[in-house]
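Colleague: give me a 3D structure for the following:
(3 chains)
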Amino acid sequence: MLLRRGLLTAGLLALTSMLLLAPSAALEPGSIGGQMTDEAGAPIAGVEFLITGPNELEAETQSDAAGNWAFKIESAGQYFVTINSESLPSGVGLTEPDKVTRSIVVFKLETAPPPVRFLTGPGPERTSNLDRAMQLTLDGLILGVTIGLAAVGLSLIFGTTGLTNFAHGELLTLGGMVTYFFNKLGLHLIPAALLALVFAVVVGGFLQDRYLWKPLRRRGTGLIAMLVVSIGLGLFIRYLFLYVFGGSKQQYLQYSGQAGWQIGPLSLTPKATIGILIGIGLIGLTIAWLLKSQMGKASRAVADNPSLAAASGIDVERVIMMVWILGAFLAGYGGIMMGLNQGVQFIMGSDVLLLIFAAVTLGGLGTAYGAIIGSLIVGLFIQLSTLFIPTELKYVGALVVLIVILLVRPQGIMGRRERVG
Amino acid sequence: MQEHKLTPKKEAAVAALASIAAIPGVKKPDPIVIADNVVRKFGGLTAVDVEHLEIQRGAITALIGPNGAGKTTFFNLLTGFDKPNSGNWTFNGIPLAGVAPHKVARLGMVRTFQLTKALFRLSVMDNMRLGAKNQIGEGILRALLPFTWKKEELQNTQRATELLSRFKLETKADDFAAALSGGQRKLLEMARALMVNPELVMLDEPMAGVNPALTQSLLGHIKDLREQGMTVLFVEHDMDMVRDISDWVIVMAQGKIVAEGPPESVMSDPAVIDAYLGAHHDQPLDQEEE
Amino acid sequence: MDWTFIFQQAISAGIGVNAIIFALAAIGLNMHFGYTGLLNFGQAGFLAVGAYTVAVLVVNFDVSIWLAFLAGIGSAVVLALLLGIPTLRLRADYLAIVTIATAEIIRQVARSVSLREYFGGSDGITGKFGKDFFDLNPFPNGLSLAFLRYTPNDLWVVVVGWALVVIFVFLTFLIMRSPWGRVIKAIREDEEAVRSLGKNVYFYKMQSLILGGVVGAFAGFVYAISRQSVQPDNYSTALTFFAYAVLILGGAARVLGPVAGSIIFWFLLVFVEQVLRQAVANDLIPNWLMTPNQVGQVRFMLVGLGLMLLMIYRPQGIFGDKKELALDARA
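Modeller: Numbering: from 1, shown residues only, chains lettered A, B, ... in the order given. Purely as a prediction, here's the structure:
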């Protein structure tokens, strides 16, 4: 059994080396080794290897000026060679950066084993930082617009009602999930998305405000109590989605495996492009609405001073209702866009909730423009930070920056300075 | 009216201020507060711009002016609740610019608020006890050892009971502060401020929202403070309220001191009438709010 | 339906380790939210810091567990300072956002691959790091009383855990009826009024944050010791939200609120779960409506719904009286 697997490995290795037809220095019997060359075949010196094997063998060696490296072995058996990819010169990377370890089985000391090959070339590490930065900027903009769609609503709701809505992420999920639901029923994605938007507006906006928050405001429920209510609501809805749709990530039936466009160093899918353009358009319309329309102006008046707004004849409740509907619409669209780019899942909204908060806080609580600027900064920062920190910690970086900004500029970058402390 | 009865302290305060010219920023014989060039801007708007101001010790000084004149903002600045863009001021000769509000209070300059800040879910008695300064049991470790602070607590309770009975709140001692009427909350807040043993009591619109019956009693309490040797500075936008009880009146308009002097002369000052009429044309001078 | 079994399970949960952990976490939150009015949404972070400090020091650095406990308390104090210094001067919601963000940072750093050698990545740290603690166990035979069965180690953890709960409840009782407690409660009502009376509000809020955070770290100790492992995803924001549910159920700003809340919370949670499980197993609930896998999800839904309804209809907790409710509405 073991022998067969060994043979197979050896055979595969032999096959690989044959296929590559790369010239390599003949190995002496009783040693394992190989030759390191770059894409063009030029030798690479100083590459480090770690060899482990029978009898707790653990040794290091490195390639010489001709790119050759070899290690004398004392016994037959299975050996593992691990390349230290950090020791490769800059601009050279492994074609398979994940596979740094190879296994070699030596049956007899007398026969020379096939050379151990690590292919170098335009691996991911070859991409220049500038190219990566450009791609990440693009990704950051997409993320920023997605966050921004939710952040505007959160910020407007906070501004007009004082509610810190911990269930706002669920509005994103609502958009994405309901789209998926109609899509799965057989509707094409586009009508499904439109239906989902109607659903988001009616259920997530109108009904939510009419039958939950408005009565609570009537009762004079405190802001902190409402905040806790929103936490409960968020928890409930999140697990309701899990209950109904299951826990795994789902893709829409159309456009899921779309091929990307390659523009210079940038790659971008058409769906993401259209998605982000519509998103930018919606944000633009929202700003225009806030600036120009009667209702938009009223909403800003309510945010500035609700009692004064009420006294001057503005129907505060109607304004708040509009803000909820708008907020649910924008967040619902954000969720659809997220689903399009990365699939839908019950926690998709709550996963980005903190980023939305970060964006809103960064921009200054309660200001819609601040929320948009804050979102773009958060999105860009998250993506670009991966140039310097591990990808898995990118959200951590954003949250740390949020805290630092609060430390130096508590009113947010766009917020008016108000009396604090 | 009993308000016109002269008490020894009233006489002293009036006498001390009698020889002073009634011009803005005039020097006082015995100032407790001296402020210089205190400026506070909100955005482009200058809310407070006081060049020079002195508050006479042992007197009741009223700070009046139309709505939006910057009275409360000036109050907030003096007591450290807001920070000015520039300016200096002293209390008993101690510079106070940049001093935190709680430290200002500890120095003996204690304020109340326009919107009463009764601590709703504390009993009236606890509201009072809270005012006592430097309590042993307010340290986190000694709080756990009741025998270290029990005696002091009894003394504070006694003092609080006396004050409460003076303000006719003794029957409410065990109620939540939230159960008091609006006027009673004003009284409680004033009594609580006295627990700090202040030298200067700063009252922000003490009469606002108080029914007329209680107003007389409030005015009486304010005069009492002077009799006990305290200095009083209070904000009011209704000129009639201040006539009887104040020894000196300072008028603010658009952030500046536009006039000051004894009540009678200030009331007839054209600059003052201008300031008021300029702010609300629709409101006759002697019309009461509400 | 095996009702005996259902009740046995529910009662065991009501007095078990989870009830202890959440009682402690909620005692800390009570100090923050109930008494001081601080919106700490990062209590999970304090538990994580306590648990991880002990696990990392004992397993990776061979430190004595007693020293590790001390270090855990120290870490909680440092975390409280880090959270408090930038935010306690700001509006209440800033603290909420910063604490929830920090708790997430802690969790994500703990589960990161880059720091795997210290924190064990998403698997966390497993190992016999409670040996010194279990060596002191005076119950060599465990307990077998009616349906309650505890191994010696479990019994020791539960006994020490409840002892900790009693100690912290007593400390809360003592400190909240002192002048210090009066200042704290006054801050919850109105900070500015307290400032105007000469109290350093910032200082008191910081003390409260530290105190409640340290109790949270103790909850983390119990979590780590009882499981003999720490796992990053146990310390997610859901933990904090559950602790809030516990606190509000039992009644915020009540000395015994967190304890009563935790016992009832876990009793109900397991009761509902067992009833549903059996109902699903016995086809009382058809499979298209609920599968055994979905029972756990329904549980979470009920917690969320419960938190909402409590906050709307009984914000003073299930034991609170109407009088306080009237006050709440005005505040």
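Colleague: how near is A:G148 to A:T160?
Modeller: The gap separating A:G148 from A:T160 is 18 Å, by CB to CB, to the nearest Å. In short, each C-beta sits where N, CA and C put it, glycine included.
Colleague: for B:I250, which non-adjacent residue is spatially closest?
Modeller: In this structure, B:I250 finds its nearest non-sequential neighbour in B:E260, 4.4 Å apart by CB to CB, 6 or more residues apart in numbering or on different chains.
Colleague: one more: A:L223?
Modeller: Using CB to CB, 6+ apart and skipping residues adjacent in sequence, the residue nearest A:L223 is A:G162, 4.9 Å away.
Colleague: same check, this time on A:L233
Modeller: A:A167 (4.4 Å).
Colleague: off-centre distance for the helix or strand containing C:A219?
Modeller: According to DSSP states H and E, C:A219 maps onto helix C:201-227. Taking CA atoms, centre = their mean, to the nearest Å, one finds the center of helix C:201-227 at 10 Å from the center of the full chain.
Colleague: quick one: contacts for the closest residue to C:S178 other than its chain neighbours?
Modeller: Distances taken as CB to CB, 6+ apart place B:A143 nearest to C:S178, at 3.5 Å, with adjacent residues excluded. Applying CB atoms under 8 Å, 6 or more residues apart in numbering or on different chains, we find B:A143 in contact with B:137, B:149, C:174-175, C:178-181.
Colleague: next one: B:A22
Modeller: B:259-262, B:265-266, B:269.
Colleague: does it belong to a helix, a strand or coil?
Modeller: Of the three states, B:A22 takes coil under DSSP: H, G, I helix; E, B strand; the rest coil.
Colleague: pLDDT score for it?
Modeller: Reading off the confidence values, B:A22 has pLDDT 84.
Colleague: please report how far it lies from chain A.
Modeller: Applying CB to the nearest CB, to the nearest Å, the value for B:A22 to chain A is 34 Å.
Colleague: over to C:F46?
Modeller: Noted for C:F46: a distance of 16 Å to chain A, by CB to the nearest CB.
Colleague: so A:G148 and A:T160 - more neighbours on which side?
Modeller: Neighbour totals were compared for A:G148 and A:T160, and A:G148 leads with 32 against 26 (other CB atoms under 10 Å in any protein chain shown).
Colleague: so that one makes contact with A:G284?
Modeller: No - applying CB atoms under 8 Å, one finds A:G148 not in contact with A:G284, separated by 11.1 Å.
Colleague: so A:V302 is in contact with A:E317, correct?
Modeller: No - the pair A:V302 / A:E317 is not scored as a contact, 9.7 Å apart, by CB under 8 Å.
Colleague: pick out whichever of these two has more residues nearby.
Modeller: Shown here are A:V302 and A:E317; by other CB under 10 Å, A:V302 has more neighbours (25 against 15).
Colleague: check contacts around the nearest residue to C:T151 once chain neighbours are set aside.
Modeller: Excluding the flanking residues, the one nearest C:T151 by CB to CB, 6+ apart is C:G142, at 4.9 Å. Shown in contact with C:G142 (CB under 8 Å, 6+ apart): C:149-152, C:154-155.
Colleague: confirm for me that the residue nearest to A:L233 is in contact with A:M226.
Modeller: No - A:A167 sits out of contact with A:M226 when judged by CB under 8 Å, with a separation of 10.7 Å.
Colleague: pick out whichever of these two has more residues nearby.
Modeller: Taking A:A167 and A:M226 together and counting by other CB under 10 Å, A:A167 has the greater number of neighbours (27 against 22).
Colleague: near chain B, which residues of the stretch 101-250 of chain C show up?
Modeller: Residues of the stretch 101-250 of chain C lying close to chain B by CB under 8 Å from any CB of the partner chain are C:171, C:174-175, C:178-183, C:185-186, C:188-190, C:192-201, C:207, C:211.
Colleague: and for the residue nearest to A:L223, the neighbour number?
Modeller: Neighbours of A:G162 (other CB under 10 Å): 17.
Colleague: one more: the one 3 residues further on?
Modeller: Around A:N165 sit 28 other residues, with neighbours defined as other CB under 10 Å.
Colleague: give the contact list for it.
Modeller: Applying CB under 8 Å, 6+ apart, the residues near A:N165 are A:154, A:157-158, A:230.
Colleague: elements contacting the helix or strand hosting A:G279?
Modeller: Using DSSP H and E, A:G279 sits in helix A:270-292. If contacts are counted by 3 or more CB pairs under 8 Å, 6 or more residues apart in numbering or on different chains; DSSP states H and E, helix A:270-292 sits against helix A:129-161, helix A:294-304, helix A:316-342, helix A:368-384.
Colleague: gap between the third one and the chain center?
Modeller: By that I understand helix A:316-342. 21 Å.
Colleague: check which helices and strands whatever helix or strand comes next after it sits against.
Modeller: Scanning forward in sequence from helix A:316-342 by DSSP H and E, the next helix or strand is helix A:348-363. Helices and strands touching helix A:348-363, by 3+ CB pairs under 8 Å, 6+ apart, are helix A:129-161, helix A:169-184, helix A:223-245, helix A:316-342, helix A:368-384, helix A:394-408, helix C:92-110.
Colleague: in the third one, which residues are buried?
Modeller: Meaning helix A:223-245. Under the neighbour-count criterion of 16 or more other CB atoms under 10 Å in any protein chain shown, helix A:223-245 has A:224-243, A:245 buried.
Colleague: with that, I have no additional questions.
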